[in-house]
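J.: next input, structure requested:
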Amino acid sequence: MSETKFPTDEEAVRDIGEIGRRMYAKNFVAANDGNISCRVAPDVIWTTPTGVSKGFMTEGSMVKMRLDGTVLASGPLEPSSEVKMHLRLYNENEAIMGVTHAHPPVCTSFAVAGQSLDSSAYPEALVNLGVVPCVHYETPGSRGIPDSIAPYCRDYNALLLSNHGALSWGTSLMEAFFRLEAMEHYATILMYTGYIIGQANALTESQVGELLDIRARLGVTSGGVPSRFASLPTNDRDVAPLGTAQSMTKSLLDRDTVSLDEENRALVIIDQTKLPGSVELLSLTRQEEIHRAIYGLQVRGAPAIGVAAAIGVYLAACEIDSGDYETFYEKFKQAKDYLATSRPTAVNLFWALDRMERVASANSRVPVGEIKRMLHDEAILIRNEDVKTCRAIGEYGLALLKDGDGILTHCNAGQLATVKYGTALAPIHLGAERGYRFRVYADETRPLLQGARLTASELVARGVETTVICDGMASSVMKKGWIDAVFVGCDRVAANGDVCNKIGTSGVAIMAKYYGIPFYVCAPTSTIDMATPDGSGIVIEERPPEEVTEMWYRERMAPEGAGVYNPAFDVTDHELVTAIITERGVLTAPYGESLKNLT
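T.: Numbers count the residues shown, from 1 in each chain. As a prediction, this is how the structure comes out:
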């Protein structure tokens, strides 16, 4: 940190005491809540002690320590057990000079609800604070919290800790405190507009883009962007003079698989049939286009299909011009039923459409215009929940792995199958962010080659060591001892734990069982179908024969007259599954009981 001006010990201790009194006066903390720290050298901080009210600290009670946790000086009390998250922030980002942690009532209410501060309605918050993600729950004071916050410390300025409180940081301790104040102010505005007034006028994509330009000119390189405009560039934004055009080439992982273009009322997807040759975005407005995109695998993966269907049926609602509820609902139901015919196996499709229909059916006394707004909000909520769900699955899955592990995957259950992170690939993505060096063997996954085209594309973009193998080679790499775990996604989980996933999954599970390799299924709770007792009740989609004989070849590769059997999925018996990883925890046998307890 060359030429960085650090506060003196006296200044740091004085400022910590002053900010502690301000936090106490503002009701950001109660009793002994909260903690504060300030960097005074590249590897040295002052921080607050345990068991002391932040409103009544003395300068002699502060603790001086190195970033490795060594205490250099202290009063009668030890540092707080939560100092570990401060140390992680300083170690991860050399620009951080101050950190505050508190429990402001409104912010903490959002944290308890598991909701990020992610709105495009308030310009000052977007410019000065940015998006405030809500990270998954870890026990206060545990080592899990530092791991959960580390991926955010460079790209954001503050976090909500699920069921816990608020955390902010800055290039000075005062800036960190101002961000804590701004976070509570922002949360209060969102609470009033969302839950009391019931309405907020969101900014358009172009307006948000202008605010990001202003933020960049102010030298702010962190803060993220509201998820509804996640396609906008943030940290690497090319700032041109006002009024001039801008362009940016973005990598595969910088783009959301599925998003809503508010200005043009369009579903925007990555066309996955074009990968890996090119990254092309499709902007779909008509129901026939959306249905064709789902059926034709331009958007695929159970979670991504669900989000696309939710946005699609919202767009259908926008096209209904009648103000009469009965007429509106009848046409809405027709659109919903039409989209439901696009893929019969992925339960998320029906789950998302049913959820959207419940919004429409439960508000028959509300003006149709208001119902459309509620459908919009529900579609965005489904999308945002998918991001949060996948990250949680990634955290639980990563806990089952260690650095250097060899992992076999089948099909693509990564970011391209969801909005962000993926399910089966989420542990790999998160691990790569944290420096894990995994070796991934990706089954090519015939006949559509989702492993070779999509999984390999994602992981290579992430910098993960990736080897593509033919499906028939899985046994060979297992026998050689190259595989430590198998991670797959799934499209549906039956009540007894049978899992339906891409064709070939059951064979991989049988081989893993034979070689004693754990076989993990990553499944959002939205894929759990307790109404289906076992896998025999799952309808298996059959795809066109041309996908086997012609799709990837210049010439037909099977003789005319030969029959083709092309099921898209198979069912893996629950006895072959080591664990089912959900966003709410890791389930083990007997699955009839663990699934029932979860749902």
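J.: so how far is Leu598 from Glu433?
T.: Going from Glu433 to Leu598 by CB to CB, to the nearest Å gives 27 Å. In short, each C-beta sits where N, CA and C put it, glycine included.
J.: residue nearest the centroid of the chain?
T.: Val387 (2.7 Å; CA atoms, centre = their mean).
J.: mind listing what it touches?
T.: By CB atoms under 8 Å, 6 or more residues apart in numbering, the contact list for Val387 reads Ser227, Thr418, Val419, Lys420, Tyr421.
J.: so is the third one in a helix, a strand, or just coil?
T.: Which is Val419. coil (DSSP: H, G, I helix; E, B strand; the rest coil).
J.: leaving out sequence neighbours, find the closest residue to it.
T.: Asp386 (4.7 Å; CB to CB, 6 or more residues apart in numbering).
J.: residues of the helix or strand where Ser506 lies that come out buried?
T.: Secondary-structure element containing Ser506, defined by DSSP states H and E: helix 505-515. Neighbour-count burial for helix 505-515 flags Thr505, Ser506, Gly507, Val508, Ala509, Met511, Ala512, Lys513, Tyr515 (criterion: 16 or more other CB atoms under 10 Å).
J.: as a markdown table, these with distance to Ile469 and pLDDT would be great.
T.: Listed next are those as a markdown table, based on distance: CB to CB, whole Å; pLDDT from 0 to 100:
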| residue | distance to Ile469 | pLDDT |
| --- | --- | --- |
| Thr505 | 15 | 98 |
| Ser506 | 18 | 98 |
| Gly507 | 13 | 98 |
| Val508 | 11 | 98 |
| Ala509 | 16 | 98 |
| Met511 | 12 | 98 |
| Ala512 | 14 | 98 |
| Lys513 | 19 | 98 |
| Tyr515 | 15 | 98 |
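J.: next, count neighbours for Tyr325.
T.: Tyr325: 17 surrounding residues under other CB atoms under 10 Å.
J.: tell me the SS of the residue nearest to it when sequence neighbours are not counted?
T.: Distances taken as CB to CB, 6+ apart place Ser364 nearest to Tyr325, at 5.4 Å, with adjacent residues excluded. Secondary structure assignment for Ser364 (three-state DSSP): coil.
J.: ditto for Val586
T.: With three-state DSSP as the basis, Val586 sits in strand.
J.: you'd agree it is up against Thr578?
T.: No - the criterion here is CB atoms under 8 Å, and Val586 misses it with Thr578 at 9.7 Å.
J.: count of neighbours near Pro123?
T.: 14.
J.: and it, how close does it get to Thr549?
T.: Using CB to CB, one obtains 56 Å as the distance from Pro123 to Thr549.
J.: the stretch 401-550 of the chain: strands as residue ranges?
T.: Using DSSP state E, counting those that start in this stretch, the strands assigned to the stretch 401-550 of the chain run over residues 406-409, 439-443, 465-469, 485-488, 492-494, 499-502, 519-522, 528-529.
J.: between these, which one is nearest to Met57?
T.: strand 519-522 (45.3 Å; CB to CB).
J.: for the residue nearest to Val419, which residues are in contact?
T.: Contacts of Asp386 by CB under 8 Å, 6+ apart are Pro303, Ala304, Gly306, Val307, Thr418, Val419, Lys420, Pro524.
J.: let's verify it: helix, strand, or coil?
T.: Strictly by three-state DSSP, Asp386 counts as helix.
J.: what's the burial count for the nearest residue to Val44 once chain neighbours are set aside?
T.: Leaving aside its sequence neighbours, Val44 sits nearest to Arg66 (CB to CB, 6+ apart; 5.8 Å). Using other CB under 10 Å, Arg66 has 13 other residues around it.
J.: Arg66 against Pro79, yeah?
T.: No - counting by CB under 8 Å, Arg66 does not reach Pro79; the two are 11.4 Å apart.
J.: got the contact list for the helix or strand hosting Phe332?
T.: Using DSSP H and E, Phe332 sits within helix 325-340. The contact list for helix 325-340, computed with CB under 8 Å, 6+ apart, reads 287, 290-291, 294, 309, 312-313, 316-317, 320, 322, 349-350, 353, 356-357, 360-361, 364, 368, 371.
J.: in the helix or strand following it, what counts as buried?
T.: Proceeding C-terminally, helix 325-340 gives way to helix 347-361 as the next helix or strand, assigned by DSSP H and E. Across helix 347-361, burial judged by 16+ other CB under 10 Å covers Val347, Asn348, Leu349, Phe350, Trp351, Ala352, Leu353, Arg355, Met356, Glu357, Val359, Ala360.
J.: could you do stretch 55-66 as well?
T.: Buried, per 16+ other CB under 10 Å, within stretch 55-66: Gly55, Met57, Ser61, Met62, Val63, Lys64, Met65.
J.: what is the burial count for the residue nearest to Leu401 when sequence neighbours are not counted?
T.: Nearest non-adjacent residue to Leu401, counting by CB to CB, 6+ apart: Pro427, 6.0 Å away. Using other CB under 10 Å, Pro427 has 29 neighbouring residues.
J.: so who does Pro427 touch?
T.: Pro427 neighbours (CB under 8 Å, 6+ apart): Ile393, Gly394, Glu395, Tyr396, Gly397, Leu398, Leu400, Leu401, Phe487, Cys522.
J.: distance check, the residue nearest to the last one when sequence neighbours are not counted against Ala302.
T.: If the residues on either side of it in the chain are set aside, Cys522 comes closest to Thr423, at 3.9 Å by CB to CB, 6+ apart. Using CB to CB, one gets 8 Å for the distance from Thr423 to Ala302.
J.: re the thing from before, Leu126 versus the residue nearest to Tyr325, what's the distance?
T.: Taking CB to CB as the measure, Ser364 falls 36 Å from Leu126.
J.: which one's more surrounded, the two?
T.: Leu126 (25 against 11).
J.: hang on, the earlier thing: quick check: pLDDT value at the residue nearest to Cys522.
T.: Thr423 is assigned 96 on the pLDDT scale.
J.: same check on Arg434?
T.: We have a pLDDT of 86 for Arg434.
J.: go on, the one 5 residues further on?
T.: With respect to pLDDT, Arg439 scores 97.
J.: what's the neighbour count on the closest residue to it other than its chain neighbours?
T.: What sits nearest to Arg439 in space, not counting adjacent residues and going by CB to CB, 6+ apart, is Gly406, at 4.5 Å. Residues near Gly406, counting by other CB under 10 Å, number 19.
J.: ok, now how distant is Gly406 from Ala31?
T.: 49 Å.
J.: isn't Thr50 right up against Gly75?
T.: No - if you go by CB under 8 Å, Thr50 and Gly75 don't touch, sitting 11.1 Å apart.
J.: could you find the closest non-adjacent residue to Gly369?
T.: Gly323 (7.6 Å).
J.: can you classify that neighbour by secondary structure?
T.: Gly323 is classified as coil under three-state DSSP.
J.: and the pLDDT at it?
T.: 93.
J.: next up, the contacts around it.
T.: Pro367, Val368, Gly369.
J.: and those, which of them are buried?
T.: Val368.
J.: can I get the contacts of Gly323 in a markdown table including pLDDT, secondary structure and distance to Ala495?
T.: Below are the contacts of Gly323 laid out as a markdown table (pLDDT from 0 to 100; DSSP: H, G, I helix; E, B strand; the rest coil; distance: CB to CB, whole Å):
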| residue | pLDDT | secondary structure | distance to Ala495 |
| --- | --- | --- | --- |
| Pro367 | 95 | coil | 40 |
| Val368 | 96 | helix | 38 |
| Gly369 | 95 | helix | 40 |
